[in-house]
Structure formats: structure tokens, C-alpha cells
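K.L.:
Pasting the sequence and the predicted model now:
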Amino acid sequence: MKAAICYELNKPLVIEDVILDPPGKGEVKICMAATAICHSDIHAIKGEHGDIKLPAIAGHEICGYVEEIGESVDYVVPGDKVIASIIPEGCGHCYYCREGLSNQCTTHPLFLHGQGRMTNKTGQRLTQYAGPVAGFAEYAIIPERNLVKVPTELPSDRACLIACGVIAGFGAVLYRAKVTVNSSVTVIGCGGVGLNAIQGALFSGAYPIVAVDVSEKKLETAKEFGATHTVNPRIEKDPIETVHEITYGRGSDFVIVAVAGIEILRQGFLMSARDGTTCVIGHGHGEQLSAFTPTDFMGGRKLTGSAMGAIRLRKDILRLIELYYSGRLKLGELVSGHYPFEKINEAFESSEKGEVIRNVITFE
Ligand SMILES: [Zn+2]
Ligand SMILES: [Zn+2]
């Protein structure tokens, strides 16, 4: 089997034969169908998500089929179609699971930079950027708790997107920020995550829905996903003031920051209303919060993070699939291009140009 390996940061991935461990207790061998390129993958292989032991393998927006199951696996059987996500199903017993916050499960915590289950031809173990999952390979060993069974007829190139971009955006709006009907929402960054925040805001009955991005093309796409107003900080002299004007002088009740950068985060925060909530999704690595002053928090503004949209893996993803089949969740519209596995470096190059929503690597 082949995997696309990162041997050196900022260099093309190397596709080569690797040896995969057999599935252990609670683990499943997945035959990859489709893996999308998330911006986090780009950050990872450029070294912008912290140091990682190389060689390493990325890819965390995964759809595939169960090939083989390890001991005590009882959720899936060979042939099942699954989405694999970095966020695990909660244990059901810990404090947070009992609170209904399985995304904060302390028995199965979310983690990055995991021990890999692949060995290259010189005997080196491959580290996994996305903790328990590794999607840029023909097969992977993934813990059962990171899998969601999905309908076989759900197209793989759409299913894979749900594993990160969709839940990170749509989930942040519904389950973390808990956007209320008739409130205003501003989304900064209209890429694969931000567009999902916009469609989440539309679904939640928000108005106005303000999209902020430096790309006019992305702002046009944002309108198709439900944005009622657009703001381009490259054109607007004072984007904070513009958002306040659009939101009747009050500022936005909810601000979703779906792009990395501390100055952008501060701008987003200042776009929020009194008592408003700013939810941070986009993150790079090592930014300092020094651009904030205590007076920025006057008026009771709230600043919060969002762990993968605060979703409960198997409950909320199945609900999103229901919404997709009901025409209330756009998935196909998020796919910019398809690339066979051997063209993964072309797909990365294209994804970096910024006009792409999601490029999908296909294995079928
Ligand atoms: Zn991602
Ligand atoms: Zn738990």
C-alpha cells in the first residue's frame, strides 16, 4: 500500500510503499475512498502547527470502507462505509460525557501528533499529524471510536468533508456559539470552514449574516451559502465600523473567526456587540494575545474556542447527513476539484492558492 509522506517541511509529499500494522484491539483497517485537503493539512506540512517528528503523514477529512476489524470492535463490520474524524465518540461515562459534552471527553481526549501505525521502507515509523487518523494513504488503522457509519450511497467526496470542515463551521454556530434565531452573525474567512459557519447561521435563522474575506470570489460564494452582506477588508477603510453599520450600530451578536491571525481575531472581537460572543475556530501556531486590551472586553463581550464544533460525533454527524439529504446542508458545492492520489502534490499546490474551497483526493 502507498502513503504520501512528509519527509521535509515545505517540500512535496513523497508517495511510496509503506507497511501497515494489523488492526489491534478496538481498531479498524480502513480502505480510503476520499480524503479532502483541509487548511490545517497545509499548516501542518509547512510546520505552522508546531513541531512534529518527521517523517509524518497528514489527512483528516476521511471517508472510506471498513476492510478489517480488530478485537472487540462491535460498531462496524467489513464493508461498512464510514467517516473518520479526529474527534472521538465520547466514553459515555466521564464527567463531560455525562454533561452531554462528549467532545470534551477526558477518557478519549482530542489529540494531535499521534503515534503512527505505518512503517516506511527504511523501517521508520510515520507520525500522524491528526492524532488518531491518517488519510493521505490507501489504507489506515483508525480507532473504532473515531468512526461514524454513514449510508453507502452518500458520495465519498462529500462525506469526507463532514469529518472536519463542515462540523468545525456548522457545529461552531449550532453547538458552541449556539446562535439564536433572529440574531446577527458575522463570519470572518469564507473558506471550507467559514462557508459552513455561514450555512449554519442561515439554518439557525440569523439575520443579517455578514461574510468577511479579502477575496471577492469567496465573498460571492459566501452569498450562495447564505451571507446577506459582504465586507472586504482590502476595500473597506474600517471593516469593524462597516460591520457595526450593517448590524444597526450594535455590532454582531455572534462573530465566528474562521481564519488564522491574531489581528484578525481582534478585529472580529471588536465587531461583536455588547454581550456578543466571538467564537475562534481558525488558529495558526504561537500567536500571542497581546493585541487585546482589557477595555476591549467592556460591555460583556465573550471570547470562546470551539473544539471541532463541539459536536457529539455519531449523533450530530448523522443529523448533518439528514440535513444534506433534505437539501438544508450544501456539501457538493464545497468541492472545488478532484485529484487522484498520485496527484496529491498538485492538489496541495492548488489548495494553497486561496480560491479553492476543498480539493478532494480520490482513491476509488
Ligand atoms: Zn481540518
Ligand atoms: Zn467521556
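P.N.:
Looks like it arrived, so ask away. Ligands and ions are numbered 1, 2, ... in the order given.
K.L.:
and the host helix or strand of residue 201 with ligand 1, contact?
P.N.:
For residue 201, the host element (DSSP states H and E) is helix 194-203. No: Helix 194-203 is not in contact with ligand 1 by Cβ under 5 Å from the ion; minimum separation 11.1 Å. C-betas here are computed from N, CA, C, even on glycine.
K.L.:
neighbouring contacts of that helix?
P.N.:
165-174, 179, 185, 187-188, 190, 209, 211, 213, 221-222, 225-227, 254, 256, 258-259, 281, 323, 328-330, 334, 357 (Cβ atoms under 8 Å, 6 or more residues apart in numbering).
K.L.:
Contact residues of the protein facing ligand 1?
P.N.:
Checking the chain against ligand 1 by Cβ under 5 Å from the ion, the hits are 38, 40, 164.
K.L.:
try it again with 8 Å
P.N.:
For the chain, the residues in contact with ligand 1 (Cβ under 8 Å from the ion) are 38-41, 60-61, 86, 130, 163-165, 168, 192-193.
K.L.:
and the top helix by length along the chain, what other elements does it pack with?
P.N.:
Across the chain, the longest stretch assigned as helix under DSSP state H is helix 313-325. With contacts taken as 3 or more Cβ pairs under 8 Å, 6 or more residues apart in numbering; DSSP states H and E, helix 313-325 sits against strand 147-149.
K.L.:
In the record's domain split, what are the boundaries for the protein?
P.N.:
Following automatic domain parsing, one finds the domains of the chain at 2-164+311-362, 178-305.
K.L.:
one step back: the longest helix of the chain close to ligand 2?
P.N.:
No: using Cβ under 8 Å from the ion, helix 313-325 stays clear of ligand 2, with a minimum separation of 11.5 Å.
K.L.:
Can you name the element that comes right after that helix?
P.N.:
strand 335-340.
K.L.:
Buried residues in that next one, which are they?
P.N.:
335-336, 339 (16 or more other Cβ atoms under 10 Å).
K.L.:
would CSV of the domains of the chain with mean pLDDT be doable?
P.N.:
As requested, the domains of the chain are exported to CSV (pLDDT from 0 to 100):
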stretch, mean pLDDT
domain 2-164+311-362, 95
domain 178-305, 93
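K.L.:
Pull the contacting residues for residue 345.
P.N.:
Contacts of residue 345 (Cβ under 8 Å, 6+ apart): 12-13.
K.L.:
right, and the helix or strand after the helix or strand hosting it?
P.N.:
Following DSSP H and E, one finds residue 345 within helix 344-352. Next helix or strand after helix 344-352 toward the C-terminus (DSSP H and E): strand 358-362.
K.L.:
how near is residue 11 to residue 350?
P.N.:
17 Å (Cβ to Cβ, to the nearest Å).
K.L.:
Compare the two (neighbour count), which wins?
P.N.:
Using other Cβ atoms under 10 Å as the criterion, residue 11 and residue 350 rank with residue 350 on top: 17 against 11.
K.L.:
thinking that one is in contact with residue 359, fair?
P.N.:
Yes: counting by Cβ atoms under 8 Å, residue 350 touches residue 359, with 5.8 Å between them.
K.L.:
For these two, list the residues in contact with both.
P.N.:
Contacts common to residue 350 and residue 359, judged by Cβ under 8 Å, 6+ apart, are 336-337.
K.L.:
Okay, helices next: where are they in the stretch 1-150 of the chain?
P.N.:
Assigned by DSSP state H, counting those that start in this stretch, the stretch 1-150 of the chain shows helices spanning 39-45, 95-98.
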